[in-house]
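Dropping the sequence and predicted coords here.
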Amino acid sequence: MPKDQKPLRRCIFCGKARGMSREHLWPDYLSDYTSTDDDTRTSVSVGFTHDDSGVAHIFPKETREQAGSALQFSMREVCEPCNNGWMSRLEERLKPRLLGLMRAERMTLDADEIALLATWATKTTMVHEFLSSPGDDPTPRPTATADMRRFLMNQQLPPPHTKVWVARHFGGLHADVRRGQFSIVEQPDPTWIGGYEVLVTTLTLEQLTVLVWATDSPRAVAAALDPAVWCQVWPGAQGLTWPTPRSASDTDVMNVIYQVGARYPKVNTVLVQRDDIAADIRRATTPSKPPVISS
């Protein structure tokens with residue numbers, strides 16, 4: 001390989017080193033079906049971890065703002081065969097149902113359609129990990145493992161231990177993504193290596209919010225949510241009557257990541273340290289050229 005030639009990047013799903021394509025977080029067609037006219041896109045991250053002494057560190061909410069519509073989120077971590085192959089087919093199969101869910105049209109989804117929605121939502125949260133982290137490192141080590149991503153690609157289903165809820169959303173969020181990451185260490189012994197991580201993400205499109213809980217550990221347990229608002233559709237649901245009985249407000253969507261992770265941290269409250277929690281850290285960046293946004 002010539003010295004000035006960079007090695008090919010590996011696709012986050014198939015793992016092969018080959019040409020990457022520009023993968024958009026949201027399907028391109030959604031720009032015709034959402035009412036958002038925001039010219040700023042925002043990513044919000046929250047979370048906590050335990051240190052070796054058993055202290056739980058609660059991270060401040062970090063917000064990253066960039067010019068351009070949230071519908072234009074994109075990254076180059078997916079190869080062309082994956083992007084234009086199974087991922088494209090997944091989005092096209094879901095399109096009719098997704099548009100109806102976004103408009104809160106009355107419908108009933110069967111088990112296959114629920115699996116399709118859960119798979120798409122989980123795939124989207126995995127992609128989001130590579131483009132939304134505040135700070136200097138745009139692609140930190142993701143919570144979803146390579147095995148989890150490969151399982152989704154091969155089986156066209158969410159990987160084991162994944163949970164998915166849906167809620168009818170009513171509010172001002174039109175195209176919104178929020179992510180929480182929890183690092184769980186159940187023993188304060190610094191030599192203990194049995195910790196695990198959980199990724200929790202909300203995806204909101206008009207009147208639909210999907211909540212995805214993803215982990216590779218069977219020990220991770222999510223706190224219960226109000227079933228009248230948040231209907232768990234994966235795993236095991238055989239049908240979904242839409243819309244749900246009660247709506248989730250903007251505030252509900254903003255707070256649900258904390259709620260679903262409420263059973264953590266599992267330590268005495270005197271051992272909880274809030275790391276600069278008073279600061280809502282905001283990072284604003286301005287691209288060198290204005291983004292091109294299709295009308």
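Ah, there it is.

Every contact and neighbour count from this point should use C-alpha atoms.
Noted.

just the strands in the stretch 101-250 of the chain please.
107-110, 163-169, 175-184, 196-205, 208-215, 231-234, 239-242, 247-248 (DSSP state E, counting those that start in this stretch).

Save the ones you listed as TSV, and put in distance to residue 143, mean neighbour count and mean pLDDT too.
Listed next are these as TSV, based on distance: least, C-alpha to C-alpha, whole Å; neighbours: other C-alpha atoms under 10 Å; pLDDT from 0 to 100:
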stretch	distance to residue 143	mean neighbour count	mean pLDDT
strand 107-110	30	14	97
strand 163-169	15	25	97
strand 175-184	7	22	81
strand 196-205	6	23	90
strand 208-215	8	26	96
strand 231-234	20	21	96
strand 239-242	29	16	96
strand 247-248	26	20	96
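
so which of those gets nearest residue 151?
Among the strands of the stretch 101-250 of the chain, the nearest to residue 151 by C-alpha to C-alpha is strand 208-215 (12.7 Å).

got a list of contacts for the closest one?
The contact list for strand 208-215 (C-alpha atoms under 8 Å, 6 or more residues apart in numbering) reads 101-104, 121-122, 125, 143-144, 161-169, 196-204, 222, 253.

Okay, helices next: where are they in the protein?
Ranges of helices in the chain, per DSSP state H, are 80-84, 86-102, 111-128, 146-155, 250-260.

ok so, going back, now the strands of the stretch 101-250 of the chain in TSV, with distance to residue 129?
Shown next, in TSV, are the strands of the stretch 101-250 of the chain (distance: least, C-alpha to C-alpha, whole Å):
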stretch	distance to residue 129
strand 107-110	28
strand 163-169	17
strand 175-184	8
strand 196-205	9
strand 208-215	12
strand 231-234	21
strand 239-242	28
strand 247-248	24
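
Tell me where this protein is predicted with low confidence.
1-7, 35-61, 64-70, 72, 74, 132-141, 185-194, 263-295 (pLDDT under 70).

If we use 50, what do you get?
Along the chain, segments meeting pLDDT under 50 span 1, 133-139, 267-270, 273-295.

returning to that earlier point: mind checking the helices of the chain for the one nearest to residue 180?
Among the helices of the chain, the nearest to residue 180 by C-alpha to C-alpha is helix 250-260 (6.2 Å).

Can you list the neighbours in contact with the closest one?
Outside helix 250-260, the residues within contact range by C-alpha under 8 Å, 6+ apart are 169-173, 178-180, 200-202, 209, 222-225.
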